[in-house]
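Peer 1: build me a structure from this.
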Amino acid sequence: MIFVNLPTTDLERSKAFYTALGCSINPLFTDDNAACIVWDDNTFFMVLTHAHFSQFTSKAIGDGHTTAQAIISFMVDSRDEVDEKITAGLAAGGSEPRDAQDYGFMYQRSIEDPDGNNLEFGYMEPQAAEDGPDAYVAEHGEGPDPVPGV
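Peer 2: As a prediction, the model looks like this:
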C-alpha cells in the first residue's frame with residue numbers, strides 16, 4: 001500500500017477536488033483533521049490540515065504554490081482519460097501549470113490541486129510500455145514533441 005500525505009489549508013475543498021477526480025473518501029480514517037482519499041485498493045492520499053500535518057514533521061510546511069517537493073504521477077488507460085481527469089480537476093478548483101506534453105508514445109498533463117500539490121496524469125502506448133520508447137519510435141516515428149535522447 002502507498003499512502004501519500006499532503007498538507008491542505010482547506011480540508012473540505014481538498015476532499016471536493018479529489019472526489020471530482022474519481023476518488024472516494026474512507027470515512028473510517030477521515031475527521032476534522034484529515035481525510036483518507038482512496039485512489040485504488042493500494043493507493044491513498046492522506047490530506048491533512050496544516051496543524052495535523054505538523055505533528056508528523058519538525059520541518060516547515062512548504063507552500064505548494066511557490067515550491068515543489070514532489071510530483072505524483074498516475075498512468076491511466078487512455079489519452080481521453082488523461083483529459084477527463086484534468087477537466088474534472090480544473091472544474092473542482094485545480095490549475096494546469098503547463099501545456100500538455102505529447103511525445104507520440106506518451107501523453108501527459110499536469111494539474112495542481114487547490115493547495116498547489118502537483119499531480120500528473122499520463123497515458124503510454126502499450127508497445128512503448130512493454131518494449132521501451134526507442135522501439136516504439138523506431139516503428140512509429142517521433143511524436144510531435146519528442147523526448148530528448150529518444
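Peer 1: please count neighbours and contacts with C-alpha atoms only from this point.
Peer 2: Will do.
Peer 1: for the closest residue to Ser24 other than its chain neighbours, the count of nearby residues, please.
Peer 2: Sequence neighbours aside, Val38 is the residue nearest to Ser24 in space, at 5.1 Å (criterion: CA to CA, 6 or more residues apart in numbering). Residues within reach of Val38, counting by other CA atoms under 10 Å, total 19.
Peer 1: what sits against Val38?
Peer 2: Residues near Val38 by CA atoms under 8 Å, 6 or more residues apart in numbering: Cys23, Ser24, Ile25, Asn26, Phe44, Phe45.
Peer 1: for it, give its distance to Glu84.
Peer 2: Taking CA to CA, to the nearest Å as the measure, Val38 falls 18 Å from Glu84.
Peer 1: doesn't Val47 make contact with Leu11?
Peer 2: Yes: Leu11 lies in contact with Val47 (CA atoms under 8 Å); the separation is 7.2 Å.
Peer 1: need the next SSE after the helix or strand where Gln127 lies, C-terminal direction.
Peer 2: In this structure, Gln127 is located in helix 126-131 according to DSSP states H and E. Moving toward the C-terminus from helix 126-131, the next helix or strand (DSSP H and E) is helix 133-140.
Peer 1: send me that next one as PDB with only the CA atoms.
Peer 2: C-alpha atoms of helix 133-140 as PDB (Å, rounded to 0.1, in the frame of the first residue of the first chain):
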ATOM      1  CA  PRO A 133      10.200   4.200 -26.100                       C
ATOM      2  CA  ASP A 134      13.100   3.500 -28.500                       C
ATOM      3  CA  ALA A 135      11.400   0.500 -30.100                       C
ATOM      4  CA  TYR A 136       8.100   2.400 -30.400                       C
ATOM      5  CA  VAL A 137       9.800   5.400 -32.000                       C
ATOM      6  CA  ALA A 138      11.700   3.200 -34.400                       C
ATOM      7  CA  GLU A 139       8.500   1.600 -35.600                       C
ATOM      8  CA  HIS A 140       6.100   4.700 -35.500                       C
END
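Peer 1: buried sites along that helix?
Peer 2: Neighbour-count burial for helix 133-140 flags Pro133, Tyr136, Val137 (criterion: 16 or more other CA atoms under 10 Å).
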